[in-house]
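structural data only, the sequence is not supplied:
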């Protein structure tokens with residue numbers, strides 16, 4: 001079903017080279033589901049370093065990983081994309097706790113939907129869509145103990161800087 005790990009890594013290196021050449025941001029999905037088949041956190045970081053990709057041009061999309069991975073990504077200067085997963089009190093508990101403990105600075109936060117997946121529980125539509133980011137922002141405001149307007153302003157500025165808008 002998936003390409004062999006070596007093929008995926010080779011294609012990723014080419015993706016990195018093209019992004020560097022074009023000064024394009026990299027919005028990357030990483031999951032440690034099966035390290036032998038799909039790669040891992042360590043593979044991702046190793047290839048980004050090997051290709052000399054600027055951390056400021058990397059966003060780890062739809063982050064659902066471990067606290068250890070979050071701390072590592074943040075310490076490297078990567079942006080972290082958060083979806084409706086953070087709204088889920090049980091499934092998203094580890095990420096929610098990490099945010100409440102200050103492990104994800106607002107300056108490195110991006111809000112996203114991962115549409116049509118990762119619906120916030122309050123989103124009552126069948127499929128997720130961009131309008132649902134309101135509920136992600138609402139949950140984040142609660143976790144950071146700041147007004148939702150502050151979350152909106154900071155994450156908008158973060159996205160504008162990341163995408164050179």
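All right, it came through fine. All values derive from a computational prediction rather than experimental measurement.

could you use CA atoms for every contact and neighbour count after this?
OK.

right, and the helix or strand after the least confident helix or strand in the chain by mean pLDDT?
Ranked by mean pLDDT, DSSP states H and E, the helix or strand of the chain with the weakest confidence is helix 35-38, at a mean of 54. Sequence order places helix 41-50 as the next helix or strand after helix 35-38, per DSSP states H and E.

so for that next one, what gets flagged as buried?
With burial defined by 16 or more other C-alpha atoms under 10 Å, the residues of helix 41-50 counted as buried are 44-45, 47-48.

check stretch 73-92 too.
73-74, 77-88, 92.

quickly find the element holding residue 27.
Applying DSSP H and E, one finds residue 27 within strand 26-29.

tell me the strands beside that strand, with direction?
Partners of strand 26-29 in the sheet, by DSSP bridges, are strand 58-61 (parallel).

helix 41-50 and the helix or strand immediately after the partner strand in the chain, what's the angle between them?
Using DSSP H and E, the next helix or strand after strand 58-61 towards the C-terminus is helix 67-76. Using axes from the mean of the first three to the mean of the last three C-alpha atoms, to 10 degrees, one finds that helix 67-76 and helix 41-50 are set 10 degrees apart in direction.

how far off centre is whichever helix or strand comes after helix 67-76?
Using DSSP H and E, the helix or strand that follows helix 67-76 in sequence is strand 79-82. With C-alpha atoms, centre = their mean, to the nearest Å as the basis, strand 79-82 stands 3 Å off its chain's centre.

tally of neighbours for residue 18?
Neighbours of residue 18 under the rule other C-alpha atoms under 10 Å: 12.

can you give me the distance of residue 4 to residue 159?
Noted for residue 4: a distance of 33 Å to residue 159, by C-alpha to C-alpha, to the nearest Å.

the closest residue to residue 141 other than its chain neighbours: what's it in contact with?
Closest residue in space to residue 141, ignoring its immediate chain neighbours: residue 148 at 5.0 Å, by C-alpha to C-alpha, 6 or more residues apart in numbering. Counting by C-alpha atoms under 8 Å, 6 or more residues apart in numbering, residue 148 makes contact with 137-138, 140-141.

ok, residue 16 next?
The contact partners of residue 16, taken as C-alpha under 8 Å, 6+ apart, are 26, 48, 51, 53.
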